[in-house]
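J.: predicted model, plus sequence, below.
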Amino acid sequence: MWLCNSSIGRKVIMSVTGVALILFLTFHACMNVVALFSEEGYNTVCELLGANWYAVAATLVLAALVAIHFIYAIILTLQNRKARGSNRYAVTDRPEKVEWASQNMFVLGVIVVVGLLLHLYNFWYNMMFAELIGDPYMGPCYAGDGYGYIVETFSNPILTVLYVVWFVAIWFHLTHGFWSALQTLGWNGKVWFQRWKTIGTWYVTILMALFLVVALKFAFCGGAC
Amino acid sequence: MAKNISFTIKYWKQNGPKDAGHFEQREMKDIPDDTSFLEMLDILNEELIEEGKEPFVFDHDCREGICGMCSLYINGTPHGKTETGATTCQLYMRRFNDGDVITVEPWRSAAFPVIKDCMVDRSAFDKIQQAGGYITVRTGAPQDANAILIPKQNADEAMDCATCIGCGACVAACKNGSAMLFVSSKVSQFALLPQGRPEAAKRAKAMVAKMDELGFGNCTNTRACEAVCPKNESIANIARLNREFIKAKLND
Ligand code: HEM
Ligand code: SF4
Ligand code: FES
């Protein structure tokens, strides 16, 4: 199958899973914003996305997307190291046009995965997982009380810092990933290059700012304001 | 007015692909700064030969920026640093300063094994070209120049792609050892012209398959290639190759 056997095919897999994950993050950010305005509203969303068949199915699809993106990231990175050869340059100079993020996508991705595991442990494990095993009072709050978990998580300054680091890593990953995905799919050219870069930077900056605002709001004033 | 500069040169010595290789170092004295980089290496080699030592081996041919043979990785940049894009043979010593340490390395990439010192085997590029970098034509009497009308913009762009001289600097610069800028330029120079269209799908598939088979890496769009390309090839070519390739595979 050309998707697995050719270099461009493997990149298509990276970009399609990457774009799907960006769309998911967009949905997630919109959902989080509800927590800024209404505890009830947010918890209604959480109930809808509890252990219902559609939410569980969507979770499985997401898990598959992350797994495929991650596995192909490892395959690509290993192949690329091999292609580079065992002899490293003694002196290297990064041209100005080359963004730092573009050369560190794998490292950034590893930070993203570690952050993801922490996040799943803080929220998903106590919420959807608790409901799935029929023990909704397993964690510190009731399983459907997403709002309670946000307050709980960001009352811990260490967790808040870790989440901010995580958001910054995702931001870096996506400032390159956004236009890179379109380039890989062939939807790019001399004119669109700068346009996609600008659109991508704005898009991911707004996206990650939404996550950041929610985290900081709860870190600094909990559920109180 | 040319002035003279003195500097230290560190150059890579390696006896074939299996050898570990090492740097050798030498002080170069009073080199006029209108000397080209390769002429400076000629001076180095004359000195070495006079002392009965083995000369330093590097590739070169036309010495006027058109053949793509010269290939030195100078102070961390393929072909050395210039603002406009130039091959090693077009680099002049006025780009350097008195007292500099100049490090010269070969293209380092698994697909370009070292033959000797800084001369590397780039026949992988020939094999990619042979896989599809041509059009099949019935040769006969030359046709009337206006028999096939081609928009000026396409003709210009195809010409820009065709200026790729196959030097391999793009591979040397790429942390993934990817040959996508070269392959995409060679695919684009035909894809943009009506004469190239009939075999476009076949060509994209064959050249990419050969590129993968020869062990070049997967492109992650870092743009290091276009920053060092002496012919200023654009990664827009890579987007075009991706388009051609994906379209070809979807139509199979
Ligand atoms: C929040 C989750 C993530 C999102 C939204 C995301 C998104 C993207 C996007 C859009 C691309 C560009 C695809 C392309 O150029 O074809 C990409 C590339 C890449 N990602 Fe991710 N990614 C995520 C997580 C990860 C993880 C966990 C890893 C694993 C270490 C990873 C490693 C990579 C690598 C190595 C590339 C290739 C570099 C490139 O082509 O530009 N990513 N990602
Ligand atoms: S694309 Fe540029 S750097 Fe690469 S082989 Fe052609 S001329 Fe050299
Ligand atoms: S020697 Fe021909 S391009 Fe430099």
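T.: Okay, I see it. Ligands and ions are numbered 1, 2, ... in the order given.
J.: pLDDT at the nearest residue to A:G222 once chain neighbours are set aside, what is it?
T.: Spatial nearest neighbour of A:G222, excluding adjacent residues (Cβ to Cβ, 6 or more residues apart in numbering or on different chains): A:V151 at 5.3 Å. Any C-beta I mention is one placed from the backbone N, CA and C, and that applies to glycine too. pLDDT recorded at A:V151 is 95.
J.: residues contacting the spatially closest residue to A:W196 that is not a sequence neighbour?
T.: Spatial nearest neighbour of A:W196, excluding adjacent residues (Cβ to Cβ, 6+ apart): A:W179 at 4.3 Å. Shown in contact with A:W179 (Cβ atoms under 8 Å, 6 or more residues apart in numbering or on different chains): A:N188, A:F193, A:W196, A:K197, A:G200, B:N221.
J.: make it 7 Å
T.: A:W196, A:K197, A:G200 (Cβ atoms under 7 Å, 6 or more residues apart in numbering or on different chains).
J.: next one: B:L72
T.: Neighbouring residues of B:L72 by Cβ under 7 Å, 6+ apart: B:F58, B:T88, B:V104, B:C118.
J.: what residues does chain A put near chain B?
T.: Applying Cβ under 7 Å from any Cβ of the partner chain, one finds that chain A approaches chain B through A:2, A:6-8, A:10-12, A:76, A:79-80, A:82-85, A:87, A:89-93, A:95, A:97-98, A:102-103, A:105, A:180, A:183-186, A:188-190, A:193.
J.: wouldn't B:V171 be in contact with B:M180 here?
T.: No - using Cβ atoms under 7 Å, B:V171 is not in contact with B:M180; the gap is 9.2 Å.
J.: count of residues packed around the residue nearest to A:G222?
T.: 17 (other Cβ atoms under 10 Å in any protein chain shown).
J.: out of the contacts of B:L72, flag the one nearest to ligand 3.
T.: B:T88 (5.8 Å; Cβ to the nearest ligand atom).
J.: okay, and the nearest residue to B:Y11 once chain neighbours are set aside sits in which element?
T.: Nearest residue to B:Y11 in three dimensions, chain neighbours excluded: B:V104, at 4.5 Å (Cβ to Cβ, 6+ apart). In the assignment (DSSP states H and E), B:V104 maps to strand B:101-105.
J.: one more: B:I238?
T.: helix B:236-251.
J.: close to chain A, is that helix?
T.: Yes - Helix B:236-251 reaches chain A (Cβ under 7 Å from any Cβ) through B:A236, B:I238, B:A239, B:N242, B:R243, B:F245, B:I246, B:K249.
J.: who's in contact with that helix?
T.: Outside helix B:236-251, the residues that reach it (Cβ under 7 Å, 6+ apart) are A:2, A:8, A:12, A:183-186, A:188-190, A:193, B:161, B:180-181, B:183-185, B:187-188, B:191, B:200-201, B:204-205, B:208, B:219.
J.: need the buried ones from these selected in PyMOL.
T.: For the buried members of the contacts of helix B:236-251, the matching PyMOL selection, counting by 16 or more other Cβ atoms under 10 Å in any protein chain shown, is:
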select buried, (chain A and resi 2+8+12+183+184+185+186+188+189+193) or (chain B and resi 161+180+181+183+184+185+187+188+191+200+201+204+205+208+219)
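J.: touching, A:T201 and A:T175? I think so.
T.: Yes - contact criterion Cβ under 7 Å: A:T201 and A:T175 qualify, at 5.7 Å.
J.: more neighbours: which of those two?
T.: Ranked by neighbour count (other Cβ under 10 Å), A:T201 and A:T175 place A:T175 first, with 21 against 15.
J.: element containing the more buried one, please.
T.: Assigned by DSSP H and E, A:T175 falls in helix A:157-184.
J.: so which elements touch the helix or strand following that helix?
T.: Downstream of helix A:157-184, the first helix or strand assigned by DSSP H and E is helix A:190-221. Judged by 3 or more Cβ pairs under 7 Å, 6 or more residues apart in numbering or on different chains; DSSP states H and E, the packing partners of helix A:190-221 are helix A:7-37, helix A:146-154, helix A:157-184.
J.: okay, these in CSV with distance to A:Y137 next?
T.: Listed next are the helices and strands packed on helix A:190-221 as CSV, based on distance: least, Cβ to Cβ, whole Å:
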stretch, distance to A:Y137
helix A:7-37, 22
helix A:146-154, 12
helix A:157-184, 22
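J.: and those helices: which comes nearest ligand 3?
T.: helix A:7-37 (27.7 Å).
J.: any idea how far that closest one is from the middle of the chain?
T.: The chain centroid and the centroid of helix A:7-37 are separated by 7 Å, computed with Cα atoms, centre = their mean, to the nearest Å.
J.: for stretch B:103-115, the distance to its chain's centre please.
T.: Relative to its parent chain, stretch B:103-115 has a centroid offset of 12 Å by Cα atoms, centre = their mean.
J.: and that stretch, what's buried?
T.: Neighbour-count burial for stretch B:103-115, counted by 16+ other Cβ under 10 Å, picks out B:103-115.
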